[in-house]
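Peer 1: return atomic coordinates for the entry below.
(one chain, ligands or ions: 1)
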Amino acid sequence: MQTVKIPVSLDPFRAASSGLRYEGIVPSGNNKRLNELCAGDCSDVVVSLECGVDLQGIVYLRGKAVTELTLLCQRCMTQYATEVTVDFCFSPCKNETEIDELPDAYDPIECNEIGEVRLHQLIEDELIVAMPIIPMHEDTDCSSGSKDIVVGEIDPAHEERPNPFAVLEKLKSK
Ligand SMILES: [Zn+2]
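Peer 2: Modelled structure (predicted):
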């Protein structure tokens with residue numbers, strides 16, 4: 001296997017019946033949406049992909065994608081790089097019934113009008129989902145240390161305040 005560019009799209013049925021395998025990259029520049037969500041461009045995505053048919057006759061595209069993202073730490077507001085890895089196992093489905101019958105181990109994907117799936121887009125989607133919701137350094141790496149993010153003052157007397165809904169309840173019962 002040689003390092004190649006991962007195809008932008010492919011026919012999963014044909015790829016599976018030929019048992020295609022890829023070790024390659026998706027160039028960073030192809031991940032526009034991902035780059036926009038980050039504080040800087042991600043590195044090239046290293047992808048390994050295996051296409052095949054399982055014992056139940058299900059066509060699958062299974063693999064792994066790894067990239068390094070530049071994110072903005074929400075605690076100290078400086079940039080940092082973090083590696084994100086996603087494992088995926090897609091299976092092309094033609095309709096709702098096929099999606100319903102697909103075992104949980106597989107993620108259904110849709111083929112376009114020429115019977116291909118947009119591989120780069122699928123991998124980018126997976127990476128976006130895997131991004132941390134609140135990007136933050138590890139405690140030991142963060143210049144703000146292990147301080148918690150202050151979301152708002154927590155009033156210790158809060159619990160003792162009368163429930164504002166109690167007033168509504170009173171009104172309702174009148
Ligand atoms: Zn930080």
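
Peer 1: now stretch 65-80: how far from the chain's centre is it?
Peer 2: Centre-to-centre, stretch 65-80 and its host chain are 15 Å apart (CA atoms, centre = their mean, to the nearest Å).

Peer 1: next one: stretch 7-15
Peer 2: Distance, centroid of stretch 7-15 to centroid of chain: 21 Å (CA atoms, centre = their mean).

Peer 1: end-to-end on that stretch?
Peer 2: By CA to CA, to the nearest Å, the extent of stretch 7-15 from end to end equals 11 Å.

Peer 1: which residue packs closest to the residue positioned nearest the centre of the chain, ignoring adjacent ones?
Peer 2: For the chain, Val129 is the residue whose C-alpha lies nearest the centre (CA atoms, centre = their mean; 2.4 Å). Once flanking residues are discounted, Val129 sits nearest to Val86: 7.8 Å by CB to CB, 6 or more residues apart in numbering. (C-beta placed from N, C-alpha, C; glycine too.)

Peer 1: same thing with Val46?
Peer 2: Counting by CB to CB, 6+ apart, Val66 is the residue found nearest to Val46 once chain neighbours are left out, at 4.8 Å.

Peer 1: wasn't that neighbour part of a strand?
Peer 2: Yes. Under DSSP: H, G, I helix; E, B strand; the rest coil, Val66 sits within a strand.

Peer 1: can you spell out which helices and strands pack onto the helix or strand containing Asp87?
Peer 2: In the assignment (DSSP states H and E), Asp87 maps to strand 79-93. Secondary-structure packing of strand 79-93 (3 or more CB pairs under 8 Å, 6 or more residues apart in numbering; DSSP states H and E): helix 12-17, strand 59-72, strand 107-110, helix 119-130.

Peer 1: show me what the third one is packed up against.
Peer 2: Spelled out, that is strand 107-110. Strand 107-110 packs on strand 79-93, going by 3+ CB pairs under 8 Å, 6+ apart.

Peer 1: and the residue nearest to Leu20 when sequence neighbours are not counted, what element?
Peer 2: The shortest distance from Leu20 to any non-neighbouring residue, by CB to CB, 6+ apart, is to Cys51 (4.5 Å). Assigned by DSSP H and E, Cys51 belongs to strand 45-53.

Peer 1: in that strand, what's buried?
Peer 2: By neighbour count on 16 or more other CB atoms under 10 Å, the buried set for strand 45-53 is 45-47, 49-52.

Peer 1: which stretches of the chain have low pLDDT?
Peer 2: Along the chain, the parts satisfying pLDDT under 70 run over 1-3, 146-174.

Peer 1: kindly report the residues of it close to the ion.
Peer 2: Within reach of the ion by CB under 5 Å from the ion, the chain has these residues: 73, 75-76, 137, 142.

Peer 1: this completes my enquiry, with thanks.
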